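*Asks:* Requesting a structural model of the entry that follows:
(4 chains)
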Protein chains: 4
Amino acid sequence: MADDITDTSQTVAAGQLRAFIERIERLEEEKKTISEDIKEVFAEAKGTGFDTKAMRTIIRLRKKDQAERQEEDAILDLYMAALGMV
Amino acid sequence: MADDITDTSQTVAAGQLRAFIERIERLEEEKKTISEDIKEVFAEAKGTGFDTKAMRTIIRLRKKDQAERQEEDAILDLYMAALGMV
Amino acid sequence: MADDITDTSQTVAAGQLRAFIERIERLEEEKKTISEDIKEVFAEAKGTGFDTKAMRTIIRLRKKDQAERQEEDAILDLYMAALGMV
Amino acid sequence: MADDITDTSQTVAAGQLRAFIERIERLEEEKKTISEDIKEVFAEAKGTGFDTKAMRTIIRLRKKDQAERQEEDAILDLYMAALGMV
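*Replies:* Now for the predicted structure:
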């Protein structure tokens, strides 16, 4: 390629490198936008009166099925009882 | 609303809560997809022979302007010289 | 100082810089050792039959007082009921 | 043991659980103290006029040997040249 850069023993395809870098930068930009969107939805929910900490826990719990959640809860309750936390 | 849930003194608008939660889950899903896309571009670049560690450094450096990069480099070179690292 | 390094307009007290760097490196080394100790205690607890995931939750919960925990639980239960998760 | 707690089919050795939890909490407390010490050394270095960002880079670089650093630098310089960043 016309834009190859050579330094001592190495050559780099500049156009190809630039293309990879720019694709990643565009994806990172999109990712950042989505992160901001998520923050905005939480802010909107908070403004409506919802507890965002509980919402985050709910989102985490919804990734597990009910049997898994119940089993984890049972162990946690047992440990809390053992430590006099209830 | 018909689907309001009351527990002791609190009431929650179930439909509204569900809508917020589902919006966030969709956004998190999109974010995860983009993260996987980024990994794939790095994997493709690596497969083509590029050094992905250097690529990550390049992406980080491109967020700064040239004057800022040069100033940071000057300080770093000075410190490396002071510590006998060059 | 005898070991001052000057580069263009800047001078750096090499001995002082080295002392700061070495203090931080020692502290980081200690921190790493403690992180490994924590991992080992968890591994030992796991080997004895304890559920380390529940232990981590317990440790997180013990940082809160009982009133705070109960209030958080009440909201979470309300939200889970609203979403048909119970 | 006298302090065993049984819930349905499970039994937990309360004393042993408490001992594990407290060991971890002590270690986490120590770790937190060291993290604060590290911050203080950086603050002191900053107060003396050192650039803490460059110091962090130095600490990261000192974990690599000189050959490794030079090889990484050579690739980075090549990529920067290819992208017209120099």
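*Asks:* where do the strands sit along chain A?
*Replies:* A:4-7, A:10-13 (DSSP state E).
*Asks:* comparing these, which gets the lowest mean pLDDT score?
*Replies:* Of all the strands of chain A, mean pLDDT reaches its minimum on strand A:4-7 (a mean of 60).
*Asks:* the helices in chain A, which residues?
*Replies:* Along chain A, counting by DSSP state H, helices occupy A:14-47, A:52-61, A:66-82.
*Asks:* Is chain B within reach of the longest one?
*Replies:* Yes: remark: helix A:14-47 sits within contact range of chain B at A:16-17, A:20-21, A:23-25, A:27-28, A:30-31, A:34-35, A:37-38, A:41-42, A:44-45, by CB under 8 Å from any CB of the partner chain. All C-beta atoms are positioned from the backbone trio N, CA, C, and that covers glycine.
*Asks:* Near chain D, list only the ones from the residues you listed.
*Replies:* A:Leu17, A:Ile21.
*Asks:* What subset of the residues of helix A:14-47 next to chain B is buried?
*Replies:* Among those, those scoring as buried are A:16-17, A:20-21, A:23-24, A:27, A:30-31, A:34, A:37-38, A:41-42, A:45 (criterion: 16 or more other CB atoms under 10 Å in any protein chain shown).
*Asks:* Between which two of the residues you listed is the distance greatest?
*Replies:* Farthest pair in those (CB to CB) is A:Gln16 and A:Ala45. Separation: 44.2 Å.
*Asks:* most centrally placed residue in chain A?
*Replies:* A:Ser35 (8.2 Å; CA atoms, centre = their mean).
*Asks:* Looking at that residue now. What's its pLDDT?
*Replies:* 98.
*Asks:* pLDDT on stretch A:39-59, on average?
*Replies:* Computed over stretch A:39-59, the average pLDDT equals 97.
*Asks:* on that earlier part again, got the contact list for the residue nearest to the centre of chain A?
*Replies:* B:Lys31 (CB atoms under 8 Å, 6 or more residues apart in numbering or on different chains).
*Asks:* now swap in A:Val86 and tell me
*Replies:* A:Asp77, A:Met80.
*Asks:* Any figure for the gap between it and C:Arg69?
*Replies:* 9 Å (CB to CB, to the nearest Å).
*Asks:* Distance-wise, check the closest residue to A:Arg69 other than its chain neighbours relative to chain D.
*Replies:* Using CB to CB, 6 or more residues apart in numbering or on different chains and skipping the chain neighbours, the partner closest in space to A:Arg69 is A:Leu61 (5.9 Å). As for A:Leu61, its distance to chain D is 21 Å (criterion: CB to the nearest CB, to the nearest Å).
*Asks:* A:Glu44 too?
*Replies:* Distance from A:Glu44 to chain D, by CB to the nearest CB: 34 Å.
*Asks:* Surely that residue and B:Phe20 touch.
*Replies:* Yes: counting by CB atoms under 8 Å, A:Glu44 does reach B:Phe20; the two are 7.3 Å apart.
*Asks:* pull the CA atoms of stretch A:12-27 into PDB?
*Replies:* Taking Å, rounded to 0.1, in the frame of the first residue of the first chain, the C-alpha atoms of stretch A:12-27 are listed here in PDB:
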ATOM      1  CA  VAL A  12       2.500  -1.200   9.300                       C
ATOM      2  CA  ALA A  13      -0.500  -0.900   7.000                       C
ATOM      3  CA  ALA A  14      -1.500   2.600   8.000                       C
ATOM      4  CA  GLY A  15      -4.900   2.600   6.300                       C
ATOM      5  CA  GLN A  16      -5.900  -0.600   7.800                       C
ATOM      6  CA  LEU A  17      -4.800   0.400  11.300                       C
ATOM      7  CA  ARG A  18      -6.700   3.700  11.000                       C
ATOM      8  CA  ALA A  19      -9.800   1.800   9.900                       C
ATOM      9  CA  PHE A  20      -9.700  -0.500  13.000                       C
ATOM     10  CA  ILE A  21      -9.000   2.400  15.300                       C
ATOM     11  CA  GLU A  22     -11.900   4.500  13.900                       C
ATOM     12  CA  ARG A  23     -14.300   1.500  14.100                       C
ATOM     13  CA  ILE A  24     -13.500   1.000  17.700                       C
ATOM     14  CA  GLU A  25     -13.800   4.800  18.500                       C
ATOM     15  CA  ARG A  26     -17.300   4.900  16.900                       C
ATOM     16  CA  LEU A  27     -18.400   1.800  18.900                       C
END
